[in-house]
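>>> sequence-free structure coming up:
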């Protein structure tokens with residue numbers, strides 16, 4: 001964050017500049033300005049602080065020069081009339097110029113935090129808007145078109161690309177936006193509970209059913225139901241979900257009566273449902289039923305035009321959450337994130353930015369990325385000459401620990417149970433479960449622990 005300070009005392013300006021640098025806030029000081037030609041005053045900064053100087057008797061000109069950047073006053077007079085005059089001038093706040101340096105520094109730091117928080121509050125609930133990436137601009141336009149219908153939507157994309165955010169956008173732009181959006185992570189609910197969670201149950205339907213309970217589908221009546229990771233839905237639940245899609249009716253477990261519900265369905269998956277259906281791991285009739293309107297979310301590595309702008313957007317939002325002033329990303333870090341492969345997509349970028357904000361101590365955000373993870377250089381994006389259509393197998397030495405873990409689990413989970421997998425990887429079963437959750441790897445249904 002940057003402050004522009006106008007004061008005729010060079011020593012005071014230097015002291016404030018040095019003190020604020022410790023809080024990663026840059027101070028640009030001016031001892032003299034021409035009130036007739038100072039339209040630039042509010043440019044390139046988040047706060048203008050007006051102290052004692054030759055132009056202070058022209059507050060109207062200064063107010064227009066600062067707008068819309070917030071302005072604050074450092075004044076030798078701290079009586080009621082001075083405070084009222086500062087308010088009329090449009091000042092955000094006023095502070096004693098003769099106060100101690102520590103008090104002035106803390107006042108400025110609090111003002112910067114309030115300004116950053118106000119900006120974040122203004123944009124809270126909004127997502128990053130792409131203006132440079134043609135793929136994302138087309139996707140945003142398609143999302144708005146899809147939202148105007150009640151048709152079922154299938155959202156596909158790699159883990160961490162923002163499929164849930166896309167579902168929220170569809171719901172928010174639809175005529176159902178005033179009704180609830182119910183989100184269900186199909187991979188997070190045990191197989192034995194998924195049907196009761198979705199469809200509800202009546203008292204006495206099974207041991208432990210001590211009262212009636214509506215299901216999540218019924219809870220979304222009039223609104224939208226978002227089934228995340230639908231590829232992990234058990235086959236038995238898939239059959240009942242198909243009945244709901246065809247007839248618009250549900251039947252609670254233990255009940256003989258059906259209920260009609262009005263629910264718009266949005267599904268998401270990072271898996272290839274067409275291939276799963278071909279292998280009989282997913283019902284073909286359900287696949288064709290949910291694959292009506294499709295939104296394909298591109299991976300972050302295919303959004304080169306957005307990467308640096310998105311990173312700075314995350315800096316500003318996360319800085320407010322952490323209670324620290326936002327800072328620009330250094331030029332070196334911008335080149336680094338532009339070349340990085342981003343296997344974890346947007347979710348990984350968010351975590352990288354938060355770590356960098358906490359650990360960076362200078363005026364800029366310095367980002368460090370692991371050297372052993374793949375980078376998306378121009379050469380790596382192009383297939384080698386005379387390459388076959390099949391992708392050559394990578395060796396373990398070329399993989400990061402995260403990549404190795406995911407590949408090992410996917411390749412061996414059909415032949416090993418959870419205990420054997422954990423032993424081979426040299427970790428506990430609890431650690432294996434936590435990593436499955438983090439990387440979005442479903443537990444094998446064919447081989448239980």
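In hand now; what should we look at? Given the structure is predicted, the values throughout are model-derived calculations rather than measurements.
>>> surely residue 227 forms part of a helix?
No. Counting by DSSP: H, G, I helix; E, B strand; the rest coil, residue 227 is located in no helix; its state is strand.
>>> give me the nearest residue to it, chain neighbours excluded.
The shortest distance from residue 227 to any non-neighbouring residue, by CB to CB, 6 or more residues apart in numbering, is to residue 267 (4.8 Å). All C-beta atoms are positioned from the backbone trio N, CA, C, and that covers glycine.
>>> kindly report the same for residue 182.
Nearest non-adjacent residue to residue 182 (CB to CB, 6+ apart): residue 220, at 4.0 Å.
>>> number of nearby residues for the one you found?
Other residues near residue 220 number 23, with proximity taken as other CB atoms under 10 Å.
>>> which residues sit in contact with it?
Contacts for residue 220 (CB atoms under 8 Å, 6 or more residues apart in numbering) come out as 179, 180, 181, 182, 261, 263.
>>> cool, residue 367 as well?
Per CB under 8 Å, 6+ apart, neighbours of residue 367: 311, 329, 330, 333, 336, 337, 352, 353, 356.
>>> that one - nearest residue in space that isn't next to it in sequence?
residue 333 (3.9 Å).
>>> also residue 44?
Counting by CB to CB, 6+ apart, residue 2 is the residue found nearest to residue 44 once chain neighbours are left out, at 6.5 Å.
>>> which SSE is immediately downstream of the top helix by length along the chain?
If you go by DSSP state H, the chain has its longest helix at helix 101-123. The element immediately downstream of helix 101-123 (helix or strand, assigned by DSSP states H and E) is helix 134-147.
>>> what's in contact with that next one?
Helix 134-147 is contacted from outside by 129-131, 153, 166, 169-174, 293, 295-298, 302-303, 306, using CB under 8 Å, 6+ apart.
>>> please report how far the nearest residue to residue 53 once chain neighbours are set aside lies from residue 284.
Leaving aside its chain neighbours, residue 53 sits nearest to residue 8 (4.5 Å; criterion: CB to CB, 6+ apart). For residue 8, the distance to residue 284 equals 79 Å [CB to CB, to the nearest Å].
>>> quick check: which ranges of the chain have low pLDDT?
Along the chain, the model assigns pLDDT under 70 to residues 34-40, 54-65, 67, 88-90, 118-127, 370-404, 426, 444-449.
>>> okay, now the domains of it?
2-123, 134-296, 300-359 (automatic domain parsing).
>>> how long is the second one from one end to the other?
The reference is to domain 134-296. End-to-end span of domain 134-296 (CA to CA, to the nearest Å): 14 Å.
>>> what's the answer for the shortest one, then?
Domain 300-359 has its terminal residues 24 Å apart, counting by CA to CA.
>>> apart from its chain neighbours, what residue comes closest to residue 198?
Distance criterion CB to CB, 6+ apart; nearest residue to residue 198, sequence neighbours excluded, is residue 215 at 5.1 Å.
>>> burial check on the one you found, number of neighbours?
23.
>>> likewise residue 94?
Residue 94: 21 neighbours (other CB under 10 Å).
>>> can you tell me the SS state at it?
Residue 94 is classified as strand under three-state DSSP.
>>> distance of it relative to residue 110?
The separation that residue 94 has from residue 110, given CB to CB, amounts to 13 Å.
>>> now do residue 206
57 Å.
>>> same question for residue 288.
58 Å.
>>> and residue 296, by the same measure?
45 Å.
>>> do the same with residue 16
14 Å.
>>> what's the neighbour count on residue 196?
When neighbours are counted by other CB under 10 Å, residue 196 comes out with 21.
>>> again with the one 10 residues further on
Residues near residue 206, counting by other CB under 10 Å, number 11.
>>> now the buried members of the contacts of residue 220.
Buried residues within the contacts of residue 220, counting neighbours by 16 or more other CB atoms under 10 Å: 179, 181, 182, 261, 263.
>>> where's the nearest residue to residue 223 once chain neighbours are set aside, which helix or strand?
Residue nearest to residue 223 in three dimensions, not counting chain neighbours: residue 179, with 3.2 Å by CB to CB, 6+ apart. Assigned by DSSP H and E, residue 179 falls within no helix or strand.
>>> so where do the strands sit in the protein?
2-6, 26-30, 47-50, 71-75, 91-96, 153-156, 181-185, 200-201, 213-214, 224-228, 249-250, 259-260, 264-269, 293-296 (DSSP state E).
>>> turn the ones you listed into a markdown table, including distance to residue 320.
A markdown table is the format used below for the strands of the chain (distance: least, CB to CB, whole Å):
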| stretch | distance to residue 320 |
| --- | --- |
| strand 2-6 | 16 |
| strand 26-30 | 18 |
| strand 47-50 | 15 |
| strand 71-75 | 19 |
| strand 91-96 | 17 |
| strand 153-156 | 29 |
| strand 181-185 | 25 |
| strand 200-201 | 40 |
| strand 213-214 | 38 |
| strand 224-228 | 27 |
| strand 249-250 | 42 |
| strand 259-260 | 44 |
| strand 264-269 | 28 |
| strand 293-296 | 30 |
